[in-house]
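Enquirer: can you look at this prediction? I've put the sequence above it.
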Amino acid sequence: MKKILILPGDGIGPEIVAQARRVLDVLRNDGLEIEMTEAPLGGAAYDQFGSPYPEFTQKLAREADAVLLGAVGGPQYDTLDRPLRPERGLLAIRKDLNLFANLRPAILYPELANASTLKPEVVSGLDILIVRELTGDIYFGQPRGVHVNEAGEREGFNTMRYAESEIRRIAHVAFQAAQKRNKKLCSVDKANVLETTEFWKEIVTDVAKEYPDVQLSHMYVDNAAMQLVRNPKQFDVMVTGNIFGDILSDEASMLTGSIGMLPSASLDQNNKGLYEPSHGSAPDIAGKNLANPLATILSLAMLLRYSLANEAAAVRVENAVKKVLADGLRTGDIYEEGTRKVSCSEMGDAVVAAL
Ligand SMILES: NC(=O)c1ccc[n+]([C@@H]2O[C@H](COP(=O)([O-])OP(=O)(O)OC[C@H]3O[C@@H](n4cnc5c(N)ncnc54)[C@H](O)[C@@H]3O)[C@@H](O)[C@H]2O)c1
Ligand SMILES: CC(C)[C@H](C(=O)O)[C@@H](O)C(=O)O
Ligand SMILES: [Mg+2]
């Protein structure tokens, strides 16, 4: 029996995960064989165990086939020592489980064409996959910290680094994803300035020799940020490092109407994965039953697809999301005149009913 670990996390995390859990309960009642456990991560874990990724959570995460996460973080934790902050718990679990491949699909549902920040004709039919490397780059490079430099001044520093093997394995994931789609891959770098990403470009170009059917292009990250809002449909699959992927995926989310719509899968070599919405813990709306749970529910669909290899269940969940959107239900972040504004839990009710 497959084991799923649920990590509600902080802020809106418990609210949105509760709705995804209801979806999972429906699937279970219909015969999906899974075991579910729950544990804290981030601030909630710090409050309970004094660490953002405690041993209790680590043990269950290592045993699980898949992990579903809400979000971590919140202003009440910002003054903690750096290693104790909630975000470090998230980085720790990604590294511990070797989840190097972060897939962030930015898909515009036709019903949300007017919720996008771009004109409908620029975004209609948009379907981009951002493949973000997740366990390297400036996020993890040593040395890092804050010290007093030679001039006697305090200085903060991080190190951007990528080993060849790290670039190769994410490039393979991206090329293989492109092969299953429109066979177009854009690698995003800052090779004009940064050696790390000049090296990235060299290695991705080398890996391309194994995928002659995929058309590879390269783009500087500043231009990519601009092109995403100018003409996003020029992209099919984008592959990039950890920091650029973090920023570009938030940008891409707005093309789909709201960051509350963007799911993600973070996978290891064997499709064990952690699934979470791309957004954060949204402290400004936490505890108010206002958050959009659809990115989390769509992340659950990715979990069913990749870690449980249950395509039928994944499609069933995605179709239920499409149906509630077609029925005109909207949380505040995607609301527009002529649609029906609902709370987080009412959106969950509707998805469960649509299932
Ligand atoms: N994966 C994660 O756990 C994750 C990701 C990003 C940020 N964070 C953390 O979350 C905290 C808040 O960060 P932030 O404010 O920069 O980003 P955020 O994504 O939490 O919020 C940005 C804006 O988007 C809105 N928003 C986000 N998710 C929403 C949803 N589902 N429905 C409706 N509106 C939504 C918020 O209300 C806010 O106005 C920080 O501690 C940050 O480190 C965690
Ligand atoms: C919370 C933070 C560590 C995280 C990241 O930067 O990877 C988040 O922004 C994300 O996009 O998942
Ligand atoms: Mg982010």
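Expert: Right, received. Where do you want to start? Ligands and ions are numbered 1, 2, ... in the order given.

Enquirer: residue of the stretch 151-300 of the chain nearest ligand 2, please.
Expert: Of all residues in the stretch 151-300 of the chain, the one sitting closest to ligand 2 is Asp246 (4.4 Å; Cβ to the nearest ligand atom). Placement of C-beta: from N, CA and C, glycine included.

Enquirer: the one helix or strand that residue maps to packs against which elements?
Expert: Using DSSP states H and E, Asp246 sits in helix 242-255. On a contact count with 3 or more Cβ pairs under 8 Å, 6 or more residues apart in numbering; DSSP states H and E, helix 242-255 meets strand 101-107, strand 127-133, strand 184-189, helix 221-230.

Enquirer: please list all residues in contact with the residue of the stretch 201-350 of the chain found nearest ligand 1.
Expert: The nearest approach of the stretch 201-350 of the chain to ligand 1 comes at Gly280, 2.4 Å away (Cβ to the nearest ligand atom). Contacts of Gly280 were listed using Cβ atoms under 8 Å, 6 or more residues apart in numbering, and they are Gly11, Ala71, Val72, Gly73.

Enquirer: assign a three-state SS to it, would you?
Expert: coil (DSSP: H, G, I helix; E, B strand; the rest coil).

Enquirer: likewise Glu346?
Expert: Here Glu346 is helix, with the state taken from three-state DSSP.

Enquirer: what residues are up against the closest residue to it other than its chain neighbours?
Expert: Excluding the flanking residues, the one nearest Glu346 by Cβ to Cβ, 6 or more residues apart in numbering is Leu329, at 7.5 Å. By Cβ under 8 Å, 6+ apart, the residues touching Leu329 are Thr339, Arg340, Val342, Glu346, Met347, Ala350.

Enquirer: whichever residue of the stretch 51-200 of the chain sits closest to ligand 1 and Ile107, how far apart?
Expert: Among the residues of the stretch 51-200 of the chain, Gly73 lies nearest to ligand 1; the distance is 2.3 Å by Cβ to the nearest ligand atom. Per Cβ to Cβ, to the nearest Å, Gly73 is found 26 Å from Ile107.

Enquirer: with Asp127 instead?
Expert: Taking Cβ to Cβ as the measure, Asp127 falls 5 Å from Ile107.

Enquirer: higher neighbour count, the two?
Expert: Comparing Asp127 with Ile107 by other Cβ atoms under 10 Å, the one with more neighbours is Ile107, at 18 against 15.

Enquirer: that one touches Ser253, doesn't it?
Expert: No: look at Ile107 against Ser253 with Cβ atoms under 8 Å: they stay out of range, at 10.5 Å.

Enquirer: tally of neighbours for Gln48?
Expert: 13.

Enquirer: what does the pLDDT read for it?
Expert: The model reports Gln48 with a pLDDT of 98.

Enquirer: point me to the helix or strand that includes the residue of the stretch 51-200 of the chain found nearest ligand 2.
Expert: Ranked by Cβ to the nearest ligand atom, the top residue of the stretch 51-200 of the chain for proximity to ligand 2 is Glu87, at 4.0 Å. For Glu87, the host element (DSSP H and E) is helix 86-96.

Enquirer: any idea how far that helix is from the middle of the chain?
Expert: Distance of helix 86-96 from the chain centroid (Cα atoms, centre = their mean, to the nearest Å) equals 14 Å.

Enquirer: with stretch 322-333 instead?
Expert: With Cα atoms, centre = their mean, you get 21 Å for stretch 322-333.

Enquirer: give the buried residues for that stretch.
Expert: Applying a neighbour-count criterion of 16 or more other Cβ atoms under 10 Å, one finds Val324, Leu325, Leu329, Arg330, Thr331, Gly332, Asp333 buried in stretch 322-333.

Enquirer: nearest to Val26 among those residues?
Expert: Lowest distance from Val26 to those (Cβ to Cβ) belongs to Val324, with 13.9 Å.

Enquirer: hmm, who's touching the helix or strand where Ala301 lies?
Expert: Using DSSP H and E, Ala301 sits within helix 294-306. Under the contact criterion Cβ under 8 Å, 6+ apart, helix 294-306 has outside partners 4, 16-17, 19-20, 23-24, 27, 66, 68, 70, 103, 259-265, 267, 271, 273, 275-279, 310-311, 313-315, 317-318, 321, 331, 347-348, 351.
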